[in-house]
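# What follows is a protein structure lacking sequence information:
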């Protein structure tokens, strides 16, 4: 598998560190506001949900993001 720039792609440690950092930030921020940790879930969608073309530096920058979605009690996302 290669990146859009033609480089060999492989999972890297920095990605897992970044994902753990995002999960920790979300957990800390929402826990501080009274949301129980048992109600929090984090997922990495990586290449599955790109919002821009990864062929350009601007596109790659736009794809480096975090989205926070709030589900109702049934687990549905009514605001999406």
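Yes, it's here. Bear in mind the structure is a predicted one, so any value in this text is a computation, not a measurement.
# any idea how far the residue nearest to residue 70 when sequence neighbours are not counted is from residue 24?
Once flanking residues are discounted, residue 70 sits nearest to residue 79: 6.7 Å by C-beta to C-beta, 6 or more residues apart in numbering. (Each C-beta comes from the backbone N, C-alpha and C, glycine too.) Distance, residue 79 to residue 24, using C-beta to C-beta, to the nearest Å: 24 Å.
# ok, these two, which is more surrounded?
Legend: neighbour count by other C-beta atoms under 10 Å for residue 79 and residue 24, higher for residue 24 (11 against 8).
# starting at the chain centroid, how far to the strand or helix carrying that one?
If you go by DSSP states H and E, residue 24 is part of helix 13-32. For helix 13-32, the separation from the chain centroid amounts to 9 Å (computed by C-alpha atoms, centre = their mean, to the nearest Å).
# do stretch 58-75 as well
On C-alpha atoms, centre = their mean, the centre of stretch 58-75 falls 6 Å from the chain's centre.
# Can you check the distance spanned by it, start to finish?
Length of stretch 58-75, first residue to last, C-alpha to C-alpha, to the nearest Å: 34 Å.
# Ok, stretch 41-57 next?
With C-alpha to C-alpha, one end of stretch 41-57 sits 30 Å from the other.
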